[in-house]
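**Student:** Next come a sequence and a model predicted from it.
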There are 2 protein chains.
Amino acid sequence: MGKFILRVNMSDLSVKKEDVSEKYRVLGGRALTSTIVAAEVKPTCHPLGPHNKLVFAPGIVTGTTAPSSGRLSVGAKSPLTGTIKEANAGGIPAQKIARLGIHAIIVEGLQKEKGKFYILKLAQGTAVLEEAGQLTGKGMYETNKLIWQKYGEDIGIIGIGPAGEMKMLNAGVSCNDPENGPGRYAGRGGLGAVMGSKGLKAIIVEQKGPGDVAIANPDLFKQGQQKLAKGLADHAVTSQALPTYGTAVLVNILNEAGGLPTRNFSAGKFEGASKTGGEVINEWAKTRGGKVGHACHHGCVIKCSNVVNHPDGTYHVSPLEYETAWAFGANCEIDNLDDIAELNRICNDVGLDTIDSGGTIGVAMEAGIIPFGDGKKAIELLNEVGKGSPIGRIIGNGTAFTGKAFGVVRVPVVKGQSIPAYEPRAVKGIGVTFATATMGADHTAGYTIATEILSVGGKADPLAAAEKGALARGFQTATIFIDSTGYCLFIAFAVLDLPDAFQGMLDTVNGVLGTGYTAEDFNCLGAEWLTLERKFNEAAGFTKADDRLPEFMYYEKLPPHNHVYDVPDEVLDSVHSS
Amino acid sequence: MGKFILRVNMSDLSVKKEDVSEKYRVLGGRALTSTIVAAEVKPTCHPLGPHNKLVFAPGIVTGTTAPSSGRLSVGAKSPLTGTIKEANAGGIPAQKIARLGIHAIIVEGLQKEKGKFYILKLAQGTAVLEEAGQLTGKGMYETNKLIWQKYGEDIGIIGIGPAGEMKMLNAGVSCNDPENGPGRYAGRGGLGAVMGSKGLKAIIVEQKGPGDVAIANPDLFKQGQQKLAKGLADHAVTSQALPTYGTAVLVNILNEAGGLPTRNFSAGKFEGASKTGGEVINEWAKTRGGKVGHACHHGCVIKCSNVVNHPDGTYHVSPLEYETAWAFGANCEIDNLDDIAELNRICNDVGLDTIDSGGTIGVAMEAGIIPFGDGKKAIELLNEVGKGSPIGRIIGNGTAFTGKAFGVVRVPVVKGQSIPAYEPRAVKGIGVTFATATMGADHTAGYTIATEILSVGGKADPLAAAEKGALARGFQTATIFIDSTGYCLFIAFAVLDLPDAFQGMLDTVNGVLGTGYTAEDFNCLGAEWLTLERKFNEAAGFTKADDRLPEFMYYEKLPPHNHVYDVPDEVLDSVHSS
């Protein structure tokens, strides 16, 4: 069976199959969502209006047996940033969608009846829209439960919570975890609001078995798969640090480096950091139950995910990532990891991005709405979002919005999106990525932390401003390629350090597509796709004035290093023009 | 006594006199505020941060006996739009400031103690900052009253209400009326929030008598003054329509033209229009007391202002302008003029722009927060702003913000500022001004209504798209010149139709400055100053993508004419490049 594109029109509730052009055939994941959005969405359209489109695309190798390759890209014009947007997530849906032969799903138009929602049900040979009925208004835990009751548990679920239904700017798109319901979020950029604006509550995917994923050159693919798997097994980050402690291993590392943004980016070290890191999660897995080394999708060999339990040993939340532990932890001066876990759970249920939610609470604390360090009040505040109360509307619309609501000047956003977990004044290269990424402040857009903090792919002094433009550019072009393959970005740790692992990754892509991409193509294609995204943004009205960090970082020195952000504007401007 | 610039630094609470350079000497009003902002404010700075500056400047002829010339310009980078901003108002302060020899006041820095406010007290030879004390947190009526009690009633008062203190994006700057306390607002663009961010509650101006305003060529000035006064007395709009009915005479005129935006810009005619227009205000002045033909500043010969009383004959509000009658009337489907007057009074007291407040209520109605047509609920909602409740924070931050808060797509703003009182799909030229003005949607930036609806300065079919680029450009260049003289923009009705009145206006300017400006200079200087403002905006990140009307106006036909907005983008782009 050949691949096809599914075009879902919410205005007339039609679902149509379309052939895949040769141009689109060799694309997947982010390259595909961005190419479709750039081709079909007018850059100046209202992100929640009838002319935006929401695109879902598994990566190039997703659905195959390639290790750690079960990512789903979601793309649209972002209501949070106004830029082109791609966010991706693991979980169950991506592989099932790929195995149904679906190359991409394009959701367009707006459902006409206000407050009415639909689900899109996909199975072998069928794709139908059904009324969401009792799912409407439900949190994602209840939504998952109701879907399981009706369709069984071996099912892919993509959905939005109340935040998305209410079209809040910080609403994410949930994908279900292999074991734990919602939690794998394409969280950033408010894509859940786009889904909500279209009246689409959920996509459910019924599919079993290995499916029918075409591999043009099976031998090459297999060879690549083995090389990559070996690399992932050999590299200390992917084989030891991540499965043992999860991403939250970074809490203490960034704190040591003075780069853990604390109290709404007013310091780089947090007194309570050690109470909120991956070591505690690992310890709890032993004492309370729960789990470390959990795979977020079938076939993941890195297994960076975790399950965090309550003190009484009952399930609380999964996953608790570094960026979340930071966002609600150091950023809000909260050192109670149970409170952080609860804030995380609320996000998963209401359907919010954890990074922007933590950024929002931090700004609300700066505004004096609740005190820094008060986890219980933070929980109360975040619980307002799902109710849609006025304060919930403010909080649910994210960090930039909350800053404006309360006249706050120290608002850590770029292009309206919250700066995640790494203080640019202490780790200068990641600041270049935050400033210049095509979709607002996003660590996953060009993770220079690898080199600046973890000494992967070389070494660079985090406090030095020099040469950070080229570093950020290199990471951004590499990232967009990996985001297009369907591989988890974490393969980059191995791929950057081990030439064989890199070749293995390329071989699997070439094996699936029948292409002959080289290392040079890897960079060229990355640059080409970034240019496509940049052009969309330019047409939407973005200029170099938007490629800047928040003004306060240029005049406020950050303890303990007491640096301001000193990468010159010219360097930021050179990232995408060189 | 020569003129001087007063530089007030709120960080160290210093007040310094500075000489006026020759470059600045020949500027006044908007040309002066924009030139200072462009020279001293970094375009990418946070509008509420330490690097924005708030500039006050009387016009070139303000303080002289030239008719209707008592306008005060207020300028800064706008927190509402992100653009350069000038808003001007009549009232008492402008002439008194000019007569103290003050060419401009530049307020910079941020007061350090959170929640602490100051007043700047100006008198002959002195300028001091004093703690605002009990004025803090007070509405503008109470603020005026307390100042009068302490300093007497012959005093200029510039101030902000609670909205400005809370740094809300729709906070305006109040100037006091000769008779009625607050109400003359430099309302648009959130300049009140900038004043609030600096910790400046009010500026009070003690000055009596004609003062010491230098006139380089008294004979030429006198000659010009007479010509202009004659023109204003001769022209039907300035001598009859405006003093008899006030600006609200336009309600029925725009309604007849199908250009009165109704129910949040979903129709061009309002069933209840006739109950909300200037004819009713005129009638009430006879039956309830109150007043039409009220001058907003000493020496105004047009006297378009009014005083509206309660049914029992007690004072309610002044002025009730067309844009306000529309914003809370047709736009909200409210046909009870007493309710509209009360909404107006709340704005004057809390310190809000009435246009953006009406736009905000309209969008809240579209979102279903309160029903269209419910004046009492609108009053309740607007009263939340002064309390700073969460819903008040949403409403007080204006139309664009409220649209985002509730996920509304039909949000009538350009560059974040509410579209005023004239439906672009029915009056196409004003749409060009809204789209391309340097400071967001603003009818006063280039009032093509004069020609398209009132047949002043020629005639143009309002529904025709052709030739509206040149029309809007002409009005925009003329406007910035008039905004710089200190004359009320309404002199334009006479000046555009009567060559002698135009010459009179120029003569007064040349008379004061000793310049030899011709009609050609009038246009060239206007174009030059617009370019200065555009360049600021470009550096702040604005592009032609921002010079567009809201998307819905391009695909939703407006009854009764059933037009979409069809002025081509290329025409919009040509306005400032030709």
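**Tutor:** Thanks, I have it.

**Student:** quick one, what contacts residue A:288?
**Tutor:** A:309, A:310, A:311, A:312, A:313 (Cβ atoms under 8 Å, 6 or more residues apart in numbering or on different chains). To be clear about C-beta, it is placed using only N, CA and C from the backbone, and glycine gets the same treatment.

**Student:** change it to 6 Å
**Tutor:** Contacts for residue A:288 were tallied using Cβ atoms under 6 Å, 6 or more residues apart in numbering or on different chains; they are A:309, A:313.

**Student:** One more: residue A:485?
**Tutor:** A:59, A:60, A:61, A:509.

**Student:** Among the residues you listed, which ones are in helices?
**Tutor:** Taking DSSP state H, the ones among those that sit in helices are residue A:509.

**Student:** and of the contacts of residue A:485, the nearest to residue A:194?
**Tutor:** residue A:59 (20.6 Å; Cβ to Cβ).

**Student:** closest to residue B:35 among the contacts of residue A:485?
**Tutor:** residue A:59 (54.1 Å).

**Student:** Near chain B, which residues of chain A are found?
**Tutor:** Within chain A, the positions near chain B by Cβ under 6 Å from any Cβ of the partner chain are A:44-46, A:48-49, A:167, A:390-391, A:393-394, A:405, A:407, A:409, A:540-541, A:543, A:545-546, A:551.

**Student:** The same query, at a cut-off of 7 Å, please.
**Tutor:** Within reach of chain B by Cβ under 7 Å from any Cβ of the partner chain, chain A has these residues: A:44-46, A:48-49, A:166-167, A:169, A:193, A:197, A:390-391, A:393-394, A:397, A:401, A:404-407, A:409, A:539-541, A:543, A:545-546, A:548, A:551.

**Student:** Take those and keep only those in helices.
**Tutor:** A:193, A:197, A:390, A:391, A:393, A:394, A:401, A:404, A:405, A:539, A:540.

**Student:** Ignoring the adjacent residues along the chain, who's closest to the last one?
**Tutor:** Spatial nearest neighbour of residue A:540, chain neighbours left out: residue A:43 (3.8 Å); criterion: Cβ to Cβ, 6 or more residues apart in numbering or on different chains.

**Student:** Quick check: that neighbour touching residue A:534?
**Tutor:** No: taking contacts as Cβ atoms under 7 Å, residue A:43 lies outside contact range of residue A:534: 11.2 Å.

**Student:** Check which residues of stretch A:298-310 are buried.
**Tutor:** For stretch A:298-310, a neighbour-count test (16 or more other Cβ atoms under 10 Å in any protein chain shown) marks A:300, A:301, A:302, A:303, A:304, A:305, A:306, A:307, A:308, A:309, A:310 as buried.

**Student:** can you count the residues close to the residue nearest to residue A:540?
**Tutor:** Around residue A:43 there are 19 other residues, counting by other Cβ atoms under 10 Å in any protein chain shown.

**Student:** Quick check: it vs residue B:192, distance?
**Tutor:** 33 Å (Cβ to Cβ, to the nearest Å).

**Student:** If we ignore the residues flanking it in sequence, what's nearest whichever residue of the stretch 151-300 of chain A sits closest to chain B?
**Tutor:** Nearest residue of the stretch 151-300 of chain A to chain B: residue A:167, at 2.8 Å (Cβ to the nearest Cβ). Closest residue to residue A:167 apart from its sequence neighbours, by Cβ to Cβ, 6+ apart: residue B:407 at 2.8 Å.

**Student:** Hmm, residue A:164 and that neighbour touching each other?
**Tutor:** No: with contact defined as Cβ under 7 Å, residue B:407 does not count as touching residue A:164 (9.9 Å).

**Student:** Quick check, pLDDT for the residue of chain A positioned farthest from its centre.
**Tutor:** Among residues of chain A, the one most distant from the C-alpha centroid is residue A:219; the distance is 32.3 Å, by Cα atoms, centre = their mean. Here, the pLDDT recorded for residue A:219 equals 98.

**Student:** what residues are shared contacts of residue B:407 and residue A:164?
**Tutor:** By Cβ atoms under 7 Å, 6 or more residues apart in numbering or on different chains, residue B:407 and residue A:164 have these common neighbours: residue A:193.

**Student:** neighbour count winner among those two?
**Tutor:** residue A:164 (31 against 22).

**Student:** Report the contact partners of that one.
**Tutor:** So residue A:164 contacts A:171, A:192, A:193, A:195, A:196, A:351 (Cβ under 7 Å, 6+ apart).

**Student:** picking up where we left off before, please tell me how far the residue of the stretch 151-300 of chain A closest to chain B sits from residue B:145.
**Tutor:** Residue A:167 is 44 Å from residue B:145, by Cβ to Cβ.

**Student:** Just want to know which of the two has more residues nearby.
**Tutor:** Ranked by neighbour count (other Cβ under 10 Å), residue A:167 and residue B:145 place residue A:167 first, with 27 against 14.

**Student:** For that one, give me its contacts.
**Tutor:** Residue A:167 touches A:48, A:193, A:196, A:197, B:407, counting by Cβ under 7 Å, 6+ apart.

**Student:** Let's see if you can find the most crowded of these.
**Tutor:** residue A:193 (32 neighbours).
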